Structures are given as C-alpha cells and as structure tokens.
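Asks: Return atomic coordinates for the entry below.
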Amino acid sequence: MTRARRILLWARSIAAVATVGLLTLHPETGNAAEKGTLLSGTVRSASGEKMEGVTVSAKIMGSTITTSVFTNRQGKYHFPPMQDGKYWVWAQAVAFEAPRVDVNLHHGVQQRDFVMTPTKDFFSQLSGDQLIAALPEDTPAHRRMKDIFVRNCVACHEGNVTLQNRHDEQGWGAIIWAMSRLGPSGGFSSAAQALPALVHFKADLAAYLAEMRGPGPSPMQLKVPPRPSGDATLPVIYAYDIPVDEGGGYILNNGSDWSLGPSMASGGGQGLHDAQVDWNGNLWVTSADAASPDRTITKIDGKTGEATKFKYPRPGGVLAEPTHGMTIARDGTIWFNLLNTGQLGTIDPNTNQLQVFTPPAGVAPGPGISIEEDAHGFIWAATGRGSVRFDRMTKEFREFISLTPPQIAYGMTGDRDGNGWWTQFFSTNWCLGLESEIIGHSDIVTGKSLEVAVPPNTNTFLKPGDLSADDLTWYAPLGVGQVFPRRLGADREGDDVWAPDYLGQRLIRINTRTFQTTLYPAPRPNLNPYMAVVDKSHNVWVDLQGSDDFVKFDPKNSQWTFYNWPNRATATRGFHVLDRGGVVQVTGLFYNASTAANVVFRTRQDVDDLEDADE
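Replies: Predicted coordinates for the structure are as follows:
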C-alpha cells in the first residue's frame with residue numbers, strides 16, 4: 001500500500017476524513033498508520049458459500065460516521081486501521097437477512113465472520129431502478145401506465161420511495177392528489193398550480209398502482225440483482241449524517257438499514273444538495289432550503305462529523321440565502337451558487353472566510369444552479385438566461401446569453417479551452433417536464449453564444465399504439481422520445497464535454513473542437529444519470545438519481561463499472577470527484593437521508609497488504 005493511501009485510509013477510519021492534505025504531515029504520522037485496529041472477516045451463506053460483494057458497515061456507537069467496505073472474491077472483507085471503541089457492525093446483501101453484532105475493538109487484529117441467511121421478502125432491499133424494472137411490460141395497458149408512472153412519479157426521488165408501501169385504489173388516489181400539489185423540495189400549492197399531467201392521469205395511475213402495489217397479489221417480477229464484484233469491491237465509503245436545520249436532530253431512517261426500507265425525508269427537510277470534500281478532509285454541503293434561518297453552506301468536520309453552519313443573510317437578515325451547486329477550484333477554495341440571486345460564493349477551507357461576488361446590474365439574473373472552473377482558472381456559473389464567466393483576478397463578470405432563451409440554465413462546466421457549456425430548462429417548475437434538448441456553449445474568442453442540439457432519444461419499451469393521441473397531448477412538449485441533459489462535466493485535459501441524459505438514459509459525448517456527438521446508452525434502464533465529472537485519467541464518473549449506485553465510464557473501451565452506495569433511496573444530487581495526489585475520491589449527497597458520503601478507492605495491493613497484516 002502506498003504511503004499516501006495508507007495515511008489517507010488510516011486517518012479516515014478513525015473518524016477523520018483526512019484526505020490528501022495529510023500527505024504533508026510529519027513522518028511519524030505514517031508510523032501511526034501502521035498501528036490501529038484491523039477489523040476483518042469472512043462472509044458465507046448458510047450453505048457455506050463464500051459471498052463476494054456483501055456490504056459490511058461499522059459505526060462507533062454515538063458517532064455520526066459510518067464506514068462501509070465490500071467482501072472480495074474469497075468472501076473476505078477488510079476495514080482500514082480503525083480507532084479503538086465499541087462499534088455496531090452489520091453485513092447486508094439483497095435477498096439475505098442482515099446479521100448484526102456489537103464489537104469492542106481494541107488494538108490489534110480482530111476477526112468477525114458473518115453467516116447470511118436467505119429471505120424471500122427482499123422488496124425493501126431493492127433500489128428504485130430495480131423495482132421499476134420489475135413492473136411488467138407484457139400488455140399495452142401495462143406498458144402505457146409504466147411509462148406514465150416513470151414520467152410523473154420518480155423525478156424527485158427513487159422508485160423505491162414511491163413503491164415501498166401497499167395501498168388500495170383510494171389510498172393511491174389520495175397520494176397522487178397530494179403529490180400533484182407538492183413541489184420538488186416541499187411546499188404545498190393550490191389547485192390552480194397543480195401539476196396538470198398528474199391531475200389528468202390520476203384515476204388511471206391509482207388503478208395501476210393498486211394493481212402493482214395494492215392489497216392483492218402483484219404481477220411485479222422481482223429479481224435478485226448481481227452483487228458488486230472485481231474492482232467494485234475495492235472502495236471504502238464514509239457516510240456522514242448531517243443534523244436537520246432546526247432542532248439539531250438526525251433523520252431516523254437514513255437508508256443504511258435496508259430492512260427498514262428506503263429513506264424518504266426529501267432533502268432531509270432542508271434541501272441539502274451538493275457535497276464536496278476539500279484538501280483538508282472536511283466536507284462542504286449546500287442547502288437549497290429557502291426557509292433556513294442560518295444555513296447557507298455547511299462544513300462537516302472529517303475527524304468528528306461535527307457540522308458548522310455558515311450564513312450569508314438574505315435581504316432583511318432574518319433568513320439565510322439558499323445555495324445549490326458547488327465545486328472545488330484548483331487552489332482548493334470552495335465555490336458555490338447563491339440560488340435565488342445569481343451571486344457567486346466562495347469560502348477558504350483553511351480560514352473559513354466567506355465571500356460573495358455580485359454581478360453588475362442587468363447581468364446574470366438568478367437562479368444560480370451549477371458552478372464549475374475551467375482549465376484556465378475562470379469560474380463559470382449557470383444563470384437565468386445562460387451563463388457567466390467570473391475572472392478571479394479582475395473580479396469581472398462576462399455574460400453569455402443562450403441563443404434559445406431558457407427560463408434557467410441548469411448544468412454548467414468549463415472546458416480545456418476556457419469555454420463554458422450549459423444545459424437548459426424551459427420552466428422554473430422542475431416537475432413540469434419542460435426540459436430542453438439544447439446544450440449552450442460560449443465562443444470565448446468572439447464573445448458569442450452557440451448551441452448544440454442533442455439527438456432524439458429512441459430508447460423506449462413502448463410499442464406503436466401504446467399511447468393514445470390524448471396521451472401524447474399531455475406528454476407535450478417531450479413526446480415519446482424523452483431527452484433531458486442535466487449537469488455536464490468537461491475533460492479539462494481532453495477535448496470532450498460529457499452530459500448525462502437524465503430521461504434518455506444515456507451519456508452524451510460532445511467534442512469541443514468538432515462538435516461531433518457520440519451517444520452511449522446506459523447498460524440498464526431507469527438509472528436517471530444526473531451529473532458527470534471527469535478525472536485526470538479521462539474516466540467519466542456519473543451519479544444515478546434513479547438507483548443506489550454510481551458508475552465509472554471508461555471511454556477507451558466503453559466499459560461501465562457500477563459501485564454500490566451502502567444506503568437505500570440515496571437519490572444523490574451533487575456529485576464531485578477529487579483526483580489529487582494519486583488518490584481518487586468521490587463525494588455524493590444523499591438527498592433523501594441528510595447524509596453526505598465520501599468514497600476512497602483502494603487498489604488490490606492495498607487490500608492484499610491489509611490481508612497480510614491479518615495473518
């Protein structure tokens with residue numbers, strides 16, 4: 001195991017997400033990393049089979065930090081060196097009961113083996129895309145209603161949240177009525193503001209859902225998904241519970257216990273959205289909650305899990321300005337959008353000094369959704385009508401207005417040549433389905449705005465005649481071929497921009513020099529890819545709002561590698577990659593659980609070294 005990764009994993013495992021910043025510590029820190037408690041074991045089925053890809057989690061009692069690893073091909077799991085203390089330790093795999101033990105760890109090597117007992121009732125253990133895949137497509141009526149369900153009922157959360165409980169037709173009708181009047185982050189609307197498609201399809205949807213998840217037998221065909229294997233078993237995942245905004249408590253069901261079903265506290269009741277790890281190993285989290293009295297951005301201490309709130313006051317000073325997107329710049333500073341105003345915020349993780357930069361009058365109206373840095377160090381932010389580039393040296397804003405005017409630009413990135421790229425919405429109500437197939441971009445040399453049209457989506461399980469003319473009227477303007485590029489990412493050491501097509505279930509690759517577009521269909525349906533980030537090796541990392549997974553896509557061989565989150569109903573929003581010092585880290589925000597997670601990728605040699613230390 002390299003010294004860099006050993007220090008990183010050791011420090012994190014004692015409740016310290018002490019990232020690559022620890023590489024500058026004194027040599028004796030490395031010696032300490034050789035110590036600590038090693039927890040490992042073997043996981044077998046009741047029949048004696050060694051099980052690969054089982055999620056094993058450990059949490060010090062009273063802590064807010066959970067560490068998770070996965071068993072390898074021999075059924076063995078290895079935690080990095082851990083702090084002494086009393087832990088809850090549990091193992092989970094779909095279609096098996098989860099054994100749990102209390103373990104009092106003390107210095108040395110400790111073994112805890114698990115035996116997994118099969119269970120026939122594993123509905124609550126499945127992720128959203130797996131449950132949607134189980135909805136039948138055997139008849140025109142089933143295909144029609146499955147499509148209507150997917151379009152209307154899984155945009156802001158996973159399908160496992162919607163389908164977790166059984167109701168009769170009247171019960172489903174009441175739920176549909178309520179959901180037609182709720183916004184994506186809460187808030188009840190009047191009947192005049194109700195989502196028209198849900199109102200129109202309410203009776204059909206209620207009858208369909210009562211057939212699928214009602215009191216009687218269901219035609220859903222559940223399948224046990226494959227467990228992680230190979231490289232997908234290498235990560236160590238650190239999950240941090242974040243206190244709710246008022247009262248300071250925590251979400252009771254954060255999805256880490258699959259038997260309890262999915263977490264469903266949308267945004268933790270506070271609209272937590274993006275999470276980013278800094279060079280010091282602390283996590284930073286944005287909050288889109290417009291009613292928060294004091295939370296504009298939150299710092300999560302990687303060593304203790306303690307949350308510190310920072311407030312930038314709204315006019316009047318009573319409430320905090322909400323935030324949405326976030327990124328880390330090349331100098332390690334954190335940048336974020338102020339959601340309502342289009343202002344740009346930044347904070348120095350070393351001093352905790354927060355600054356806000358306001359565009360001049362007439363430039364860059366809110367809302368501000370996404371923010372990124374280009375390869376030349378300029379900050380790009382999405383705005384209400386396109387994008388702006390912020391010069392950190394001169395403090396000047398330069399605006400690029402979309403050729404096809406949106407009400408808001410959504411995703412934002414900056415490429416190797418210093419140009420900005422953005423995706424667009426045609427409505428400020430994100431649940432109306434008025435999304436754009438157009439991706440805007442700048443020509444920094446001429447100062448002009450340009451655009452690229454995304455090719456139509458032909459990937460559908462529908463057959464000709466499944467939808468009536470009336471259905472298509474209510475599907476407008478998307479029609480059958482849904483297209484919805486969300487938050488894109490640029491390869492700053494290459495010539496590509498990558499846009500996840502949230503509704504088209506694919507990755508879109510655009511060459512920044514030739515504008516050639518290449519499409520890569522997702523290997524599974526209903527994943528809802530949301531945000532793409534490119535690492536220094538040109539790998540494309542994508543979070544999946546429809547699934548409790550994230551993926552790495554290797555463009556060299558078009559290979560998709562799926563990695564499991566240890567929680568259910570994660571509904572990850574902001575998704576970020578820190579590729580520094582030879583260590584790749586991935587950070588995601590579990591929108592439904594008020595939890596931020598950071599992933600450190602081990603090598604096979606790292607795990608082999610831990611196994612040698614066990615012997």
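Asks: For the stretch 501-615 of the chain, which segments count as strands?
Replies: For the stretch 501-615 of the chain, the strands defined by DSSP state E, counting those that start in this stretch cover 506-511, 517-521, 529-534, 540-544, 549-554, 559-564, 575-580, 583-590, 595-601.
Asks: Distance to residue 408 and mean pLDDT added to those strands, as a markdown table?
Replies: The way it works is simple: take the backbone N, C-alpha and C, and place the C-beta from them, glycine included. As requested, the strands of the stretch 501-615 of the chain are arranged in a markdown table below (distance: least, Cβ to Cβ, whole Å; pLDDT from 0 to 100):
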| stretch | distance to residue 408 | mean pLDDT |
| --- | --- | --- |
| strand 506-511 | 20 | 97 |
| strand 517-521 | 23 | 96 |
| strand 529-534 | 16 | 97 |
| strand 540-544 | 21 | 97 |
| strand 549-554 | 25 | 98 |
| strand 559-564 | 30 | 97 |
| strand 575-580 | 20 | 94 |
| strand 583-590 | 20 | 94 |
| strand 595-601 | 25 | 95 |
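Asks: Export those strands as TSV, with columns for distance to residue 366.
Replies: Listed next are the strands of the stretch 501-615 of the chain as TSV, based on distance: least, Cβ to Cβ, whole Å:
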stretch	distance to residue 366
strand 506-511	27
strand 517-521	30
strand 529-534	20
strand 540-544	25
strand 549-554	29
strand 559-564	35
strand 575-580	22
strand 583-590	21
strand 595-601	25
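Asks: Throw these into TSV and include distance to residue 410 and mean neighbour count, thanks.
Replies: Output for the strands of the stretch 501-615 of the chain, formatted as TSV (distance: least, Cβ to Cβ, whole Å; neighbours: other Cβ atoms under 10 Å):
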stretch	distance to residue 410	mean neighbour count
strand 506-511	14	21
strand 517-521	19	15
strand 529-534	10	27
strand 540-544	15	26
strand 549-554	20	22
strand 559-564	24	17
strand 575-580	14	22
strand 583-590	17	25
strand 595-601	22	24
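Asks: Residue 139: which of those is closest?
Replies: Evaluated with Cβ to Cβ, those place strand 517-521 nearest to residue 139, the distance being 25.1 Å.
Asks: longest helix of the protein?
Replies: Counting residues, the longest helix found in the chain (DSSP state H) is helix 196-212.
Asks: what pLDDT, on average, does that helix get?
Replies: Computed over helix 196-212, the mean pLDDT rounds to 94.
Asks: now stretch 38-47
Replies: Mean predicted confidence for stretch 38-47 is 96.
Asks: Kindly report the same for stretch 305-313.
Replies: 95.
Asks: For stretch 73-84, measure first residue to last.
Replies: 28 Å (Cα to Cα, to the nearest Å).
Asks: Can you mark which positions in it are buried?
Replies: Under the neighbour-count criterion of 16 or more other Cβ atoms under 10 Å, stretch 73-84 has 75-82 buried.
Asks: same check, this time on stretch 326-344
Replies: In stretch 326-344, counting by 16+ other Cβ under 10 Å, buried: 326-329, 333-344.
Asks: so how far is the first residue of it from its last?
Replies: End-to-end distance (Cα to Cα), stretch 326-344: 10 Å.
Asks: Now render the buried residues of stretch 73-84 as JSON lines, adding pLDDT, secondary structure and distance to residue 53.
Replies: Shown next, in JSON lines, are the buried residues of stretch 73-84 (pLDDT from 0 to 100; DSSP: H, G, I helix; E, B strand; the rest coil; distance: Cβ to Cβ, whole Å):
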{"residue": "75", "pLDDT": "97", "secondary structure": "coil", "distance to residue 53": "10"}
{"residue": "76", "pLDDT": "97", "secondary structure": "strand", "distance to residue 53": "12"}
{"residue": "77", "pLDDT": "97", "secondary structure": "strand", "distance to residue 53": "10"}
{"residue": "78", "pLDDT": "96", "secondary structure": "strand", "distance to residue 53": "14"}
{"residue": "79", "pLDDT": "95", "secondary structure": "coil", "distance to residue 53": "16"}
{"residue": "80", "pLDDT": "91", "secondary structure": "coil", "distance to residue 53": "19"}
{"residue": "81", "pLDDT": "89", "secondary structure": "coil", "distance to residue 53": "23"}
{"residue": "82", "pLDDT": "89", "secondary structure": "strand", "distance to residue 53": "22"}
